[in-house]
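Chemist: Below are the sequence and a predicted model; questions follow.
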Amino acid sequence: MSLTPPSSSPDSVEDELELSAVRHRPEGLEQLEALTRFNRKELQILYRGFKNECPSGVVNEDTFKDIYSQFFPQGDASTYAHFLFNAFDTDKDGSVSFEDFVMGLSILLRGSVQEKLNWAFNLYDINKDGCITKEEMLDIMKAIYDMMGKCTYPLLKDDTPRQHVEIFFQKMDKNKDGVVTIDEFIDCCQNDENIMRSMQLFDNVI
């Protein structure tokens, strides 16, 4: 017969602490409910899943890449996961907290078209200088094709991402100054059905 009461196992003690921490921080949930389009129940379910994957409560880039590679085993998701991680890591501290994660997810799943486009712009603007260059757009496109893998797009030639970028960029860069501003990006996406349809591809990717 075991003399150790089951409640003192490290896991259950951690669970207790976890629950009491959540219990003592209801304003955290309420705040997230106000800031996102998720209700309390959804936030609790998301939190449980998040803690399951990331017991420490934050995700670093390597963990993020590991999670993504499970979704896209047929390709190489590491570069796209890197860019996506940077878009989720809004305070640029090298980790994605539950708050970062839910705020991003809320926009991607339930945001308005404008909010989604703002988020997409931030993803493409790799160096976060407020505009997108052709190189940045190409880097993201290549990363998406790499991640989707050859079996998804078996007929694509290696220069397909570049051709797509050329077409997109020509349409977006209205004043032909070699960079796309957020206004140009949003204006073009909202007024061009083909580009909007291509943006829908990211709904499957994110």
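Modeler: Sure thing, it's come through.
Chemist: For the rest of this, base every contact and every neighbour count on C-alpha atoms.
Modeler: Noted.
Chemist: Now do the contacts for the residue nearest to residue 47 when sequence neighbours are not counted.
Modeler: With CA to CA, 6 or more residues apart in numbering as the criterion, residue 47 has its nearest non-adjacent residue at 7.1 Å, and that residue is residue 98. Residues counted as contacts of residue 98 (CA atoms under 8 Å, 6 or more residues apart in numbering) are 47, 50, 57, 58.
Chemist: Which of those fall within helices?
Modeler: Counting by DSSP state H, the contacts of residue 98 place 47, 50 in helices.
Chemist: Pick the one among the contacts of residue 98 closest to residue 136.
Modeler: Taking CA to CA as the measure, residue 136 lies nearest residue 58 of the contacts of residue 98, at 27.3 Å.
Chemist: measure the residue positioned nearest the centre of the chain to residue 143 for me?
Modeler: By CA atoms, centre = their mean, the mean C-alpha position of the chain lies nearest to residue 84, the distance being 4.7 Å. Plainly put, residue 84 is 10 Å away from residue 143 if you go by CA to CA, to the nearest Å.
Chemist: Kindly report the same for residue 182.
Modeler: Taking CA to CA, one finds residue 182 at 21 Å from residue 143.
Chemist: and what of residue 126?
Modeler: Relative to residue 143, residue 126 is positioned 12 Å away (CA to CA).
Chemist: what's the answer for residue 193, then?
Modeler: For residue 193, the distance to residue 143 equals 23 Å [CA to CA].
Chemist: rewinding a little: check which helix or strand the residue nearest to the centre of the chain maps to.
Modeler: helix 78-88 (DSSP states H and E).
Chemist: Does anything pack onto that helix? Which helices or strands?
Modeler: Packing contacts for helix 78-88, counted by 3 or more CA pairs under 8 Å, 6 or more residues apart in numbering; DSSP states H and E, involve helix 61-71, helix 98-110, helix 113-124, helix 134-148.
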